[in-house]
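J.: could you look at this predicted model? Sequence included:
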Amino acid sequence: MTVLPALHAELTSATGGLLATAASLSDADIAAPSLLPGWTRGHVLTHVAQSAGSLINLLTWAKTGVKTPQYASYAARAAAIEATAGRPAIAHLAALEQAAARLAAAVRDLPEQAWSALVEPMRPPAHPAWYVLVRRLREIGLHHVDLNAGYGPADWPEPFVRRELHDCRACWPYERSTVREVVLTRGGEVIATWRDLGTGPAVQGAPADMLAWLTGRSGGEGVSLVPVGQPFTPGPGGTGLPEPPPWLTMPAPADLPTTPPEDYP
């Protein structure tokens, strides 16, 4: 047994939650700002729908061996989002539903051996096809929060938080780090410590709170400085925290197993 069935089940649940939120939005809601600067909720929903198609391209690459890039270019991706962000709510919902169905079919139809094929995202490194499921879960989990429509970091499932923290650590931008240590806590107890991350203070918080801050999905609520720290320049959020370091400087960790593992992480 590999991790694929668990990832597929998690993706089905996450997709259903996003579709339910999208179905609750009116045309006015769609046109309102999201949590992403310069983007309406329509921009977010359009991006999530179109990114499903881009990941289908990678699964097609894995299945056929023919290089099929995610997008023609970053400019083409941006233009496609702008072209359809202003659609009415019913059109956004239909596009999301269709994209989800197409991706589910591509996942279902991928031969077992193709899950180990290496594919190339828009930025290096290449990763095995099974990691496409992780990337789709990331897209849905983070952008569901970005909609600012009742779903927040506290709603992230524990496996999602654990996996995203693992990958955040694996892709840590040491040369651009703003903290030297991350301490994860639960119920007042330390459950993990990331050391030697770079320069700056040490920060602590519960896993979901820390992930929200590290991914720019919060102003640092639930995250605090560890009492022993170094001088640093506080961020503008008023929490006393520095700005979080650049997040996801790589689309995937560089040392992923090629064959789908039994569990991840």
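T.: That came through fine.
J.: need the helix or strand of the chain with the lowest average pLDDT.
T.: Every helix and strand in the chain was compared by mean pLDDT, DSSP states H and E; the lowest is strand 223-225, with a mean of 92.
J.: which of the three states applies to Pro245?
T.: coil (DSSP: H, G, I helix; E, B strand; the rest coil).
J.: tell me, how many residues neighbour it?
T.: Using other Cβ atoms under 10 Å, the number of residues around Pro245 comes to 20. For every residue, glycine as well, the C-beta is placed using N, CA and C.
J.: wait, what's in contact with it?
T.: Neighbouring residues of Pro245 by Cβ atoms under 8 Å, 6 or more residues apart in numbering: Trp172, Pro173, Arg176, Ser177, Thr178, Val179, Leu197, Gly198, Leu214.
J.: low-scoring stretches of the stretch 151-265 of the chain, by residue?
T.: 228-239 (pLDDT under 70).
J.: for it, just list every one of the strands.
T.: 181-186, 189-194, 202-205, 223-225 (DSSP state E, counting those that start in this stretch).
J.: point out the most buried one among those strands.
T.: Comparing these by mean neighbour count (mean count of other Cβ atoms under 10 Å), strand 202-205 comes out on top with a mean of 22.
J.: centre of the chain to it, how far?
T.: Distance of strand 202-205 from its chain centroid, counting by Cα atoms, centre = their mean, to the nearest Å, is 21 Å.
J.: right, and Asn57 touches Lys67 too?
T.: No. Asn57 is not in contact with Lys67 according to Cβ atoms under 8 Å; the separation is 9.7 Å.
J.: the more surrounded of those two?
T.: Using other Cβ under 10 Å, the more surrounded residue of Asn57 and Lys67 is Asn57, with 17 against 10.
J.: and Gly187, how far from Ala208?
T.: 13 Å (Cβ to Cβ, to the nearest Å).
J.: more neighbours: which of the two?
T.: A direct count of neighbours by other Cβ under 10 Å for Gly187 and Ala208 places Ala208 higher, at 23 against 6.
J.: contacts only, for the more buried one.
T.: Counting by Cβ under 8 Å, 6+ apart, Ala208 has contacts Pro153, Ala154, Trp156, Val161, Gly222.
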